[in-house]
Each structure stands twice: as structure tokens, then as C-alpha cells.
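Novice: Predicted model and sequence follow; I will ask about them next.
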Amino acid sequence: MLRLFACFVLLCLAASAEDYDLVIRNARIVDGSGNPWFKGDVAIKKDKIARVGRVEGRGKREIDAGGKLVTPGFIDMHSHSDISLLREGEAQGKIRQGVTTEILGESGSAAPRCPQPEPPASPSPSAAAGTPAAPASPPDPNPLRLDWTDFKGYFKRLKKDKVSVNVASFIGMGDVRHCVVGDDDRAPTPEEMEKMKAMVEQAMRDGAMGLSAGLIYEPNSFAKTEEIIELAKVAARYGGIYSVHMRSEGLRIKEAIDETIRIGRDAGLPVHIMHFKVSGKNSWGKIGEAIAQINAARAQGVEVHADQYPYIASSTGLTARLPDWANDGGTRKLLERLRDPEQREKVRAATAEGMARSGNDWKSAIVARMRTDANKKWEGKSIADIALALNKPEFDTVADLLIEEGGNIGMVYFAMNEDDVRLAMQQPWVSVGSDGSALNADPNSRLSSGKPHPRSYGTFTRVLGRYVREQNVITLENAVRKMTSLAAQQMGIHDRGLLKKDMKADVVILDENKVIDKATFENPHQYGEGIEYVIVNGKVVLEQGRHTGERPGVVIMGPGKK
């Protein structure tokens, strides 16, 4: 009898030795709810959290947190990693700042992909300057195969290639409009409108989170409010969200927020404002009015929320400084206008007028990325400095560079005020989004070119290091809430964002005394510090600051997927 009892005890002990796949011990747990931290352990079984608090059983593997913080994995609310994840699925620049989930398809999306026209011939010499176009960089020896047309195909490709982060995606209204209407500034016909609705509906059925629109970019900018409402109604039928880069973040921000609220109210769905900010010196200080406007809408029952990146500089294309009408017909038509002396003068005058109203200048406009080898020397330089070096007027420098680069120049614009950034960050409905891509600091990587905005490497570590620890703008627990449960709530993701039993096991271990961003505008390709472990769906992806090569990320389907 004694022998049987001893065997039973030994069997129980053996079983208890593998109660969990992973146990994190001796942690200070910030669970994502906004509540104060508490001491405890986190147990993981397969891809789920099995227990939070005091864990009696043992794990196949155990990590001693040593009193460091353990949080849910961070959700990047605004990411442009749609294609970079297919180039390098390890998502180095995001994983190393604690990001475990990326929300894609903001403004533009990987699908739908309509038949592409033949690429234009090499740009002709500038009509104004008489200088020949610079030769393009040599073709990529390993070009990425874009072998899908819809979200079903894109999601299948992500699953096949495997990635280290979880992904969810919106469908971009501009892509829909481009496929159906083209790039002209005109209203869709009734037949075209039905085709666009069908595209949105199919995307929602395939798993999109909702409809997104970048209303400063053509052809998005050509859509009237009523058109957007009709498309948003389709997303609403499937429980989707409308996410928007508003028409104005400066002098006309009140009207832009009014339009956003109207779309949410009339279409009957939540609306999410991307990178909530006030831009342009002549608009600084208006963030308080914008906040009051959104709070009033929320008080009236319209679900409005936003995300933010923690920098005073934005990043987009050089053509964003030009008037909308200059982009009518797409890039080919824009370049034709810039080559024509008479049309160039019209674009010059309208651009100067717009910049004068906003308070922007070319000194604060920094080149982030050039396409041609001959112009890469200008990366990191302001348009004003380039114009001085070339002995040209600033606008002619802009126009000639756009012609030489085929209309595609990435820029960084210093146009925000630090006080506005802090005030926006303190709002309870503002989450965190990088508006960046999954890049790689390794100089041998294809994702380490140019001088991109440092937000791709530093957004989340910057919030925790600069705005929490150094400046006390928000509390640690509130910052983690913004990066986790608030973001999950805004996107309708119900099984992530909290350290809680049966939630998906996306977990970060970090040193709150060391966490900080290192990427700068001068040297952006630098990883931050202080993120020690990152766990995605129960798999350790970052271990003591080193990427393990694991790619356990999944596609998070939207509400319309059956």
C-alpha cells in the first residue's frame, strides 16, 4: 500500500513539473488594465495565458523576471508593414520595442490589387531646368512576388511566409477607388459606386477590420463625404471600424473632425483618427479645441477615438505639400504639370499660399528617402539646404527632384509642438501607433535604407522612457494600458491586450529604468533599449534582447469573417 502511495506521489510530482509550457517568475505585473502593478508570476500553456498571480505548478521552461515589469504585448495601432513583413518576417524593429501585433492597411492596404499599368518610361529632362533625370537604382535582384489580388490571398501569403508579429488589416479606400475610378478627381458613377461597395464587402468577409482613408492623398482626397459614408456603411454592416487620416490636421482641423464625426454618426460605426495631432506653426495650441470637439461627440454617443506617435515631426511624401488639384490624374499627370512651365507656376503659387497659411517652410522639410542613386546624397538634408547647394529656388528644387525621382520622395516634416503632443497623450481615448514600418537596423538588410522617421524603431520605448520615466506626462500603468487593452478595445480584438487567464500569450518583459528609444532623425536605424523578452502566442521571439528567429504570428481576422 505504501509503495502504491509513493508511486502516486511521484506521478503527481512528475505531472506538476510540466503543468505549464512557460512560467515567468518574480515579476512586477502591469496587466494592461490601467490598475497599479502587483507582484506575481505569469504561466503560459500553448498559446494562452493559464494563470496570473501566484503560480504553484512548474513550467517546461521558467524565466526569472528578477522584479522587472511584465506587461501584455504592445499593439501598434498604425503600421505600414504590409509589404516589409513579407520581405523580412522577423519584424526586428517592431519586436525589439515590444510590439506583438500590428494593425495594417491604414490609408493604403495590401489588397485589393487591381491590374497594374505598364510602368512609365524614364522621366524626361526637366522642362524648367534642362537637366537630365538621374539614373534609377539597379533593379532588385530578388524582387518580391505580389501574387495576390484580395485579402484572402494576402492573408494566405502571410501565413505561408510566417511572421514574428500578429497582424490585422483595414481595407484602404484609396486602393478601392484607384481600382474602380482611377486617379481622376471626379465622383464615381452609380455603377462604379456599387463596384466599390462590393470590394469593401468582400474585404470585410475576408477578414478586414474595417475601412480606412487617407484624405490628404489622392485618390482618397477626391472622395466627397457622402461617398465615404456609403462605403463606411458597408463596413458597419459587418461590425467594422472607420479609420482616417483626416483632410486637415492644421488650420481646418475643426472641419476635418466634424466630417469624421459625421461619417461615424451617419454610417453607424466607430471612427478612429490616425496620428491625432495639430500640424503647422499657425495651428499650434488648437489641440485643446480638437479634444473638446471629440469629447462632445463622445458625450452624444458617437464612438470616436485616436492614436498618436510621440514625436514633433511627421513623415509622408513630398507631394503632400502640393495642392490636391496638382495630383489629379495621378503621378503621371503631376509630373507633366511640373514639366510644363505655365503649369509649374500655378503649382508654385498654390504651394506657396498653402505653406504661408500653415506657417510651414522648406527648412523644416527633411528628405528621408530617395529612389535614385544620384540623389541619395540628399537624404537627411532639408529642401532649403538642397536648394542652396544647387543654387535653385526652393520650389524648383522640389519640382525637379520630383521629376527625377518619378514623383516618389519620402520626407520628414517638423511641424508639431511638444506641448500639443503631451496634451494629446493624456487623453484616455488616445492609444499608441507608430505610423512606421517593420525595419531592420542591420546595414546589410534591404529594410535599412535611407533616413526614415525614427518612429519605426522607437515609438513604444520612447513613450515609456521619455514621457513616462523622464517627464511624468502619464503614469506607467496608463502608458501600458494605451499600448495594450485600449488598443485592443478600439480594434475590437477581444483575446489580447490583458494579462488574464485564457487571453492569448503575448507578453513583454522590460526594465523600466533602462527602457528608452535610441533612434534619431540623424541616425534612425537604431534599436531601443530595455526590452528584454517578447513572447508572441506563447513562443519566445526576443530573448535577453536577441531575436530567436521564431515566427509565431497569426492573422487576426476582423468581425466580418465567418
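Specialist: On my side now, so go ahead. Residues are numbered from 1 along each chain as shown.

Novice: quick one: contacts of the longest strand along the chain?
Specialist: For the chain, the longest strand by residue count, based on DSSP state E, is strand 20-29. With contact meaning Cβ atoms under 8 Å, 6 or more residues apart in numbering, strand 20-29 is reached by 37-46, 50-52, 55, 57-71, 499, 505, 507, 509, 535, 538, 540. C-beta: built from backbone N, CA, C; applies to glycine.

Novice: Buried residues of stretch 28-48, list them for me.
Specialist: Using 16 or more other Cβ atoms under 10 Å as the test for burial, stretch 28-48 gives 28-34, 37, 40-45, 47-48.

Novice: Stretch 300-309 too?
Specialist: Here stretch 300-309 shows 302, 304-309 as buried, counting by 16+ other Cβ under 10 Å.

Novice: what is the rounded mean pLDDT of the one helix or strand A387 maps to?
Specialist: Per DSSP states H and E: A387 is located in helix 383-390. Averaging pLDDT along helix 383-390 yields 96.

Novice: Spit out the contact partners of the most centrally placed residue in the chain.
Specialist: In the chain, the centroid-proximal residue (Cα atoms, centre = their mean) is S79; its distance is 1.9 Å. The contact partners of S79, by Cβ under 8 Å, 6+ apart, come to 94, 102-104, 106, 433-438.

Novice: and if you look at A296?
Specialist: So A296 contacts nothing (Cβ under 8 Å, 6+ apart).

Novice: In three-state terms, label it for me.
Specialist: Secondary structure for A296, judged by DSSP: H, G, I helix; E, B strand; the rest coil, is helix.

Novice: What of I261?
Specialist: helix.

Novice: Then K197?
Specialist: K197 is classified as helix under three-state DSSP.

Novice: Now the closest residue to it other than its chain neighbours, what are its backbone angles?
Specialist: Excluding the flanking residues, the one nearest K197 by Cβ to Cβ, 6 or more residues apart in numbering is V234, at 5.1 Å. Dihedral angles phi and psi of V234 (degrees, to the nearest 10) take the values phi -70, psi -50.

Novice: Dig out what the residue nearest to the centre of the chain forms beta bridges with.
Specialist: In this entry, S79 is beta-bridged to G436, by DSSP bridges.

Novice: Burial check on D82, number of neighbours?
Specialist: Neighbours of D82 under the rule other Cβ atoms under 10 Å: 22.

Novice: Touching, it and A111? I think so.
Specialist: No. Counting by Cβ atoms under 8 Å, D82 does not reach A111; the two are 9.0 Å apart.

Novice: Give the residues shared as contacts by those two.
Specialist: With Cβ under 8 Å, 6+ apart as the test, D82 and A111 both reach S169.

Novice: residues near the residue nearest to K346 when sequence neighbours are not counted, how many?
Specialist: Of all residues not flanking K346 in the chain, R337 sits nearest, at 7.8 Å (Cβ to Cβ, 6+ apart). Neighbour count of R337, defined by other Cβ under 10 Å: 20.

Novice: Show the secondary-structure elements that the helix or strand containing S456 is packed against.
Specialist: Per DSSP H and E, S456 falls inside helix 455-462. If contacts are counted by 3 or more Cβ pairs under 8 Å, 6 or more residues apart in numbering; DSSP states H and E, helix 455-462 sits against strand 74-76, helix 92-95.

Novice: The helix or strand just after the last one packs against which elements?
Specialist: Going back to what we said before, that points to helix 92-95. Using DSSP H and E, the helix or strand that follows helix 92-95 towards the C-terminus is strand 99-104. Here strand 99-104 touches strand 74-76, strand 166-169, strand 531-536, going by 3+ Cβ pairs under 8 Å, 6+ apart.

Novice: Give me the residues contacting the first one.
Specialist: Going back to what we said before, that points to strand 74-76. 94, 97-103, 431-434, 459-460, 483-484, 487-488, 491, 493, 496-497, 508.

Novice: follow-up on the earlier one: of all the residues in the helix holding A387, which ones are buried?
Specialist: So for helix 383-390, counting by 16+ other Cβ under 10 Å, buried means 383-387.

Novice: circling back: paired strands for the longest strand of the chain, with orientation please.
Specialist: When DSSP bridges is applied, strand 20-29 pairs with strand 38-45 (antiparallel), strand 59-64 (parallel), strand 69-72 (parallel).

Novice: Distance to G560 added to those strands, as a markdown table?
Specialist: Formatted as a markdown table, those follow (distance: least, Cβ to Cβ, whole Å):
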| stretch | distance to G560 |
| --- | --- |
| strand 38-45 | 30 |
| strand 59-64 | 37 |
| strand 69-72 | 25 |
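
Novice: With distance to K561 and mean pLDDT as new columns, can the ones you listed be given to me in a markdown table?
Specialist: Shown next, in a markdown table, are the strands paired with strand 20-29 (distance: least, Cβ to Cβ, whole Å; pLDDT from 0 to 100):
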| stretch | distance to K561 | mean pLDDT |
| --- | --- | --- |
| strand 38-45 | 26 | 98 |
| strand 59-64 | 33 | 98 |
| strand 69-72 | 23 | 98 |
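
Novice: Those: which one's closest to E201?
Specialist: strand 69-72 (32.7 Å; Cβ to Cβ).

Novice: Convert the C-alpha atoms of that closest one to PDB, please.
Specialist: Output in PDB follows, covering the C-alpha atoms of strand 69-72 (Å, rounded to 0.1, in the frame of the first residue of the first chain):
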ATOM      1  CA  LEU A  69       8.000  44.600 -15.400                       C
ATOM      2  CA  VAL A  70       5.900  42.100 -17.200                       C
ATOM      3  CA  THR A  71       3.200  43.500 -19.500                       C
ATOM      4  CA  PRO A  72       0.900  42.400 -22.300                       C
END
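
Novice: Give me the distance from stretch 79-88 to the chain's centre.
Specialist: Centroid separation for stretch 79-88 versus its chain: 11 Å, with Cα atoms, centre = their mean, to the nearest Å.

Novice: what about that stretch, average pLDDT?
Specialist: Rounded mean pLDDT across stretch 79-88 is 97.

Novice: Quick one: end-to-end distance for that stretch.
Specialist: 15 Å (Cα to Cα, to the nearest Å).

Novice: next one: phi and psi at A213?
Specialist: The phi/psi pair for A213 (degrees, to the nearest 10) is phi -150, psi 130.

Novice: Residues contacting the helix holding A387, please?
Specialist: 361-363, 365-367, 378, 381, 393-394, 396-398, 401.

Novice: now do 6 Å
Specialist: Residues from elsewhere that reach helix 383-390 (Cβ atoms under 6 Å, 6 or more residues apart in numbering): 362-363, 365, 378, 394, 397.

Novice: T372 bridge partners, please.
Specialist: Here T372, judged by DSSP bridges, has bridge partners A136.

Novice: What count of nearby residues applies to it?
Specialist: T372 has 16 neighbours, counted by other Cβ under 10 Å.

Novice: W362 versus that one, what's the distance?
Specialist: Distance from T372 to W362, counting by Cβ to Cβ, to the nearest Å: 21 Å.

Novice: do A297 as well
Specialist: 36 Å.

Novice: Low-confidence ranges, this structure, go.
Specialist: 1-18, 116-141 (pLDDT under 70).

Novice: Got the phi and psi for the closest residue to K281 other than its chain neighbours?
Specialist: Distances taken as Cβ to Cβ, 6+ apart put G359 closest to K281, at 3.2 Å, once the chain neighbours are dropped. Main-chain torsions, G359, degrees, to the nearest 10: phi 90, psi 10.

Novice: could you list every residue that touches G359?
Specialist: 280-282.

Novice: need the helices for the stretch 151-300 of the chain, in chain order.
Specialist: 151-161, 173-180, 190-206, 225-237, 253-267, 287-299 (DSSP state H, counting those that start in this stretch).

Novice: now what about the second one, what contacts it?
Specialist: Where contact means Cβ under 6 Å, 6+ apart, the residues beyond helix 173-180 that reach it are 108-109, 112, 114, 192, 195-196, 199, 211, 213, 219-220.
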